[in-house]
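Enquirer: here is a sequence with its predicted model. Questions after.
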Amino acid sequence: MSLYTSLSERLKTQHLTIEQLVAYISNDKLITPPVPGKWSALDNIAHLARYQKIFTDRIHLILNKDTPVFDRYTGDLDPEFIPFRSMGLRELLDVINTDRTTIIDLLSGLSDSELSCIGVHPKYGRLTILKWAEFFVLHEAHHLFTIFQLVNGTE
């Protein structure tokens, strides 16, 4: 069990899509939520930045604790998400790029037995670290699509 090519490539490159999605988009469009109470495109980017830290912490817990059980992560309930929501686009992109390097280094350095360690997701059950990494990139892809919709939608 190792990082398969498609997972490794998405970890290395998928986050770079953010900058392409928001190129030439006005700050007003980035910060305007589609409806009151929903996240703006910039809020979604802030969520991706924060969630990388959550993901890294979870991987370390899985490696250091026998089958930890995690609650569902909800950004709006996370007080640590607030500072991310106040960051500008460039700062968020820098955080994402730096933390992604940390994630890639962490996952790439794991042995097959470490990649097989399990953490319990509240909806998807027992997941190996490899499956957590797959979940991570799929979750990110969902938010990338949301960002695409928000910046390309008509008003």
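Expert: In hand now; what should we look at?

Enquirer: thought residue 147 was touching residue 45?
Expert: Yes. Contact status for residue 147 versus residue 45: in contact at 6.7 Å, counting by CB atoms under 8 Å. Backbone N, C-alpha and C define where each C-beta goes, glycine included.

Enquirer: overlap of the contact sets of the two?
Expert: The overlap between the contact sets of residue 147 and residue 45 (CB atoms under 8 Å, 6 or more residues apart in numbering) consists of 18, 22.

Enquirer: pick out whichever of the two has more residues nearby.
Expert: The residue with more neighbours, out of residue 147 and residue 45, is residue 45; 28 against 24, by other CB atoms under 10 Å.

Enquirer: for the strand or helix carrying that one, packing partners?
Expert: Assigned by DSSP states H and E, residue 45 belongs to helix 41-64. Judged by 3 or more CB pairs under 8 Å, 6 or more residues apart in numbering; DSSP states H and E, the packing partners of helix 41-64 are helix 17-22, helix 27-31, helix 81-85, helix 89-108, strand 118-121, helix 129-152.

Enquirer: and the ones you listed as CSV, adding distance to residue 74?
Expert: Output for the helices and strands packed on helix 41-64, formatted as CSV (distance: least, CB to CB, whole Å):
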stretch, distance to residue 74
helix 17-22, 21
helix 27-31, 21
helix 81-85, 9
helix 89-108, 19
strand 118-121, 14
helix 129-152, 13
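
Enquirer: what's the closest of these to residue 55?
Expert: Nearest to residue 55 among the helices and strands packed on helix 41-64 is helix 129-152 (5.2 Å), distances taken as CB to CB.
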